[in-house]
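Q: the sequence isn't on hand, but the structure is:
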């Protein structure tokens, strides 16, 4: 009942936007006199990525001068931007918003968005143009809810020069390999301190989610939160996946295979760039920045994201974000938004986006552009990321959970406690499951 009342309120709010200001004829005449349709795009890309966004939007505005004008507004990082759209309460502060992957279920539940599937159907748009393993993440019950845009998967980065110097010609594919290779690459000072570790990774909840998928297991129940019924509890504490991951974390820290490199990935990237570790885990989107920062210090190699166990059969899911259409009730703005979305994932734009940022081109035909071919020739390591994406499958698209942001932080908090020897793997697992399940229960009571 709460969910129904919420949707009614949102519907009434949208209706007020549609009918405020006079008749439809008056509105149309006023809009025509006002010039181009103006739409607002909220994004979460700073630095080089933000510059790439700006250049793409500017190109769209140039091509659609006098018809559509897009204003792009940086809202801080993913979490900052997500908090702002949540705080808006459905008041539609923008027409398009870029939201990270783990915000997907919340956006669907909000009632504030218009599924892009509606325009795909109306426009007879060939959805086969979008990489299937990317589209799968944002598709629920046959409906594509948002337009994939900046997609990435985690990969293994390794110091190829150090590998060659140590006579290592095998790229690790699982942690059994990492243990063996890391030991060969480790350098210890005469006083017993470690000068260089063979491996190191940041405490990042995204990796935990990916390892569950690599095992072919579910993170939450009800078809990983993708069925007609929403998730009500985590599954990783019951299917064995969570404990196996935490046992690996415990082993690499206790046995000195890797140092603890704090939450997030900044410290891990810095350690890899400086040569303090020889292998690390990071997003495919980090490839270009790592290559530029390493320079000629050593050659970077790229491998598939390693599985926990040698015989794990599963796949990776995409991270990054997608573009959502807000259900403003303004037909002209929504039509303009659709034209903008198609432009942003057009082959040339996606090839350009890939070349400037390192994110996957989400459009299949982007691989046939000269822009993409030149970039892959300059950075052949990126082909590994493409191959890994294609070697996965839609059934490993990953979980959907309305409290995913909170859940990811909870996982990281318990891994930090594991690193500090405050809990053992089983206690960490029990704590994660209890805290995340409580958050899920609270959210579901309020929203369903």
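A: That came in fine, so what should we check first? Owing to the predicted nature of the structure, the values given are computational and were not obtained by experimental measurement. Residues are numbered from 1 along each chain as shown.
Q: could you give the average pLDDT over the helix or strand harbouring residue 243?
A: Per DSSP states H and E, residue 243 falls inside helix 241-254. If you average the pLDDT over helix 241-254, you get 97.
Q: let the chain start at 38 from now.
A: Got it, first residue is 38 now, which makes that one helix 278-291.
Q: got the contact list for it?
A: With contacts defined as Cβ atoms under 8 Å, 6 or more residues apart in numbering, helix 278-291 is touched by 212, 215-216, 236, 245, 248-249, 252, 254, 271-274, 294-295, 297, 345-346, 452, 455-456, 461-463, 465-466, 469-470. Every residue, glycine included, has its C-beta placed from N, CA and C.
Q: show me which of these are buried.
A: 212, 215-216, 236, 245, 248-249, 252, 254, 271-274, 294-295, 297, 345, 452, 455-456, 462, 465-466, 469-470 (16 or more other Cβ atoms under 10 Å).
Q: also compute the angle for the lengthiest helix in the chain relative to helix 278-291, please.
A: Scanning the chain for the helix with the most residues, using DSSP state H, yields helix 462-484. Interaxial angle of helix 462-484 relative to helix 278-291 (axes from the mean of the first three to the mean of the last three Cα atoms, to 10 degrees): 130 degrees.
Q: counting by contacts, list what helix 462-484 packs against.
A: Helix 462-484 is packed against helix 39-56, helix 278-291, helix 441-456, with contacts defined by 3 or more Cβ pairs under 8 Å, 6 or more residues apart in numbering; DSSP states H and E.
Q: which of those comes out lowest on mean pLDDT?
A: helix 39-56 (a mean of 39).
Q: quick revisit: list the buried residues in the helix holding residue 280.
A: For helix 278-291, by 16+ other Cβ under 10 Å, it's 278-287, 289-290.
Q: repeat that for stretch 466-485.
A: 466-470, 472-474, 476-477, 480-481.
Q: could I get those residues as a markdown table with distance to residue 397?
A: Below are the buried residues of stretch 466-485 laid out as a markdown table (distance: Cβ to Cβ, whole Å):
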| residue | distance to residue 397 |
| --- | --- |
| 466 | 32 |
| 467 | 36 |
| 468 | 35 |
| 469 | 30 |
| 470 | 32 |
| 472 | 33 |
| 473 | 29 |
| 474 | 33 |
| 476 | 30 |
| 477 | 30 |
| 480 | 30 |
| 481 | 33 |
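Q: hey, where'd the strands end up in the stretch 88-237 of the chain?
A: In the stretch 88-237 of the chain, the segments counted as strands under DSSP state E, counting those that start in this stretch are 105-111, 133-137, 150-151, 176-177, 180-181, 184-189, 191-196, 224-225, 231-233.
Q: now the second one and helix 441-456, what's the angle there?
A: When you say that, I think you mean strand 133-137. Going by the same axes, to 10 degrees, strand 133-137 makes 20 degrees with helix 441-456.
Q: partners of strand 133-137, with directions?
A: Using DSSP bridges, the strands paired with strand 133-137 are strand 74-80 (parallel), strand 356-363 (antiparallel).
Q: which among the ones you listed is found nearest to residue 128?
A: strand 356-363 (9.9 Å; Cβ to Cβ).
Q: please compute how far that closest one lies from its chain's middle.
A: 10 Å (Cα atoms, centre = their mean, to the nearest Å).
Q: could you point out the helix or strand that follows it?
A: Immediately after strand 356-363, counting by DSSP H and E, sits helix 368-381.
Q: which residues are contacting the following helix or strand past that following helix?
A: Downstream of helix 368-381, the next assigned helix or strand under DSSP H and E is helix 384-394. Under the contact criterion Cβ under 8 Å, 6+ apart, helix 384-394 has outside partners 85-86, 88-89, 92-93, 96, 187, 322, 325, 380, 396-400, 402-406, 408-409, 411-412.
Q: now the closest residue to residue 147 other than its chain neighbours: how far from residue 344?
A: In space, and not counting its chain neighbours, residue 147 is closest to residue 127: 6.8 Å by Cβ to Cβ, 6 or more residues apart in numbering. Note on residue 127: its distance to residue 344, by Cβ to Cβ, to the nearest Å, is 41 Å.
Q: narrow the contacts of helix 384-394 to those in helices?
A: 85-86, 88-89, 92-93, 96, 325, 380, 408-409, 411-412.
Q: max pairwise distance over the residues you listed: which two?
A: Within those (distances taken as Cβ to Cβ), the two that end up farthest apart are 325 and 380, at 23.3 Å.
Q: neighbour count: those two, which is higher?
A: More neighbours surround residue 325 than the other of residue 325 and residue 380, with 21 against 18 (other Cβ atoms under 10 Å).
Q: quick one: pLDDT of that one?
A: So residue 325 comes in at 89 (pLDDT).
Q: chain neighbours aside, what residue packs nearest to it?
A: residue 395 (4.5 Å).
Q: and what of residue 443?
A: residue 476 (5.2 Å).
Q: per-residue pLDDT, the one you found?
A: 97.
Q: if we can go back for a sec, return the most buried member of the strands paired with strand 133-137.
A: strand 356-363 (a mean of 26; mean count of other Cβ atoms under 10 Å).
Q: okay, the angle between that one and helix 384-394?
A: 130 degrees.
Q: brilliant, that's me finished.
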